[in-house]
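Enquirer: curious how this folds, go ahead:
(one chain, ligands or ions: 1)
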Amino acid sequence: MDGMLYIVPTPIGNLEDITLRALKILRQCNVIACENIKHSLKLLSYFNISKTLIHYCSYNEYSQSNKIIALLRNGQHVALISNAGTPAISDPGYVLIKKVIENNMTFEVLPGVSAFVTALVGSGLPLKSFIFCGFLKRQNSKVKKELYKLKLLDKTIIIYESSHRIVKTILLCKEIFGDDTLICVARELTKKFEEFIRGTIDQVIDVIQKKRSLLGEFVILIYNCGEKV
Ligand code: SAM
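Expert: So this is what the prediction gives:
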């Protein structure tokens with residue numbers, strides 16, 4: 001009989017956010033596929049879990065997916081984790097999930113942490129309808145094109161961003177959405193220096209520019225009423 005693939009979310013900061021079910025699966029599976037072995041070893045050793053680990057990252061998703069399918073065919077139970085949050089959400093995982101489905105195999109997705117859900121709920125922006133964009137494209141012209149398309153939607157827009165691009169991206173949002181658009185920057189969620197900076201784009205830029213350093217991980221949320229076309 002085939003083994004089972006489990007997609008297992010892990011904390012985005014606070015280790016207490018791991019679920020009991022996630023711990024059970026990580027303890028019971030035969031193999032854990034992880035994005036970064038060194039990073040995951042820290043998490044697993046914190047919970048006293050010692051397993052065979054294999055590397056599954058964006059560079060080897062195709063070849064490692066085949067290897068994982070072979071393990072599953074061999075009756076091995078495999079858990080997939082990423083560095084933080086839910087695998088396949090702006091993280092490796094999609095290729096494997098697709099292959100498992102194509103091979104008519106079964107898999108289970110454990111519910112758990114994802115930075116964008118925590119950020120959205122804490123943002124104070126409308127929750128009824130939203131769009132998760134993950135990381136924006138890198139090239140300036142492509143980002144602008146992407147933001148102009150988003151401007152047409154009547155939704156809260158969610159974007160993942162790194163510390164070295166956060167100011168640049170917010171300034172681009174100001175250019176495209178306008179100074180008075182409501183925005184929230186959620187930083188270091190579930191960690192010691194967690195903060196939500198809320199206000200108009202101009203107010204948020206003001207707060208950010210007064211800070212001496214702007215380190216950590218960020219989610220940008222923009223409430224856009226949609227532009228009539
Ligand atoms: N799989 C993850 C999830 O489910 O949220 C996302 C992984 S993606 C490679 C990393 C990005 O997620 C960061 O650059 C940041 O935008 C966001 N992120 C992850 N952890 C975060 C945190 N603690 N606070 C704010 N944003 C976070």
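
Enquirer: please make it C-alpha for all contacts and neighbour counts, starting now.
Expert: OK.

Enquirer: which parts of the helix or strand of the chain with the lowest mean pLDDT are buried?
Expert: Between all helices and strands in the chain, the lowest mean by mean pLDDT, DSSP states H and E belongs to helix 140-151, at a mean of 92. Going by neighbour count (16 or more other Cα atoms under 10 Å), the buried part of helix 140-151 is 143-144, 147, 150-151.

Enquirer: kindly check the end-to-end length of stretch 146-159 for me.
Expert: 11 Å (Cα to Cα, to the nearest Å).

Enquirer: how far away from the center of its chain is it?
Expert: Its chain's C-alpha centre and that of stretch 146-159 lie 18 Å apart, by Cα atoms, centre = their mean, to the nearest Å.

Enquirer: check whether stretch 206-215 comes near the ligand.
Expert: No. Stretch 206-215 lies apart from the ligand when judged by Cα under 6 Å from any ligand atom; the minimum separation is 10.6 Å.

Enquirer: check stretch 38-54 too.
Expert: No. Using Cα under 6 Å from any ligand atom, stretch 38-54 stays clear of the ligand, with a minimum separation of 13.0 Å.

Enquirer: could you list the low-pLDDT ranges of this structure?
Expert: The model of the chain has pLDDT under 70 over residues 226-229.

Enquirer: that one: strands as residue ranges?
Expert: 5-7, 31-34, 52-55, 78-81, 107-109, 130-135, 155-162, 182-187, 195-200, 217-224 (DSSP state E).

Enquirer: can you give me the angle the last one makes with strand 182-187?
Expert: When you say that, I think you mean strand 217-224. 170 degrees (axes from the mean of the first three to the mean of the last three Cα atoms, to 10 degrees).

Enquirer: mind giving me the domain split of the protein?
Expert: Following automatic domain parsing, the chain resolves into domains at 5-109, 115-223.

Enquirer: straight-line length of the first one, end to end?
Expert: The straight-line separation of the ends of domain 5-109 (Cα to Cα) is 9 Å.

Enquirer: that older thread, tell me the angle of the least confident helix or strand of the chain relative to strand 130-135?
Expert: 170 degrees.
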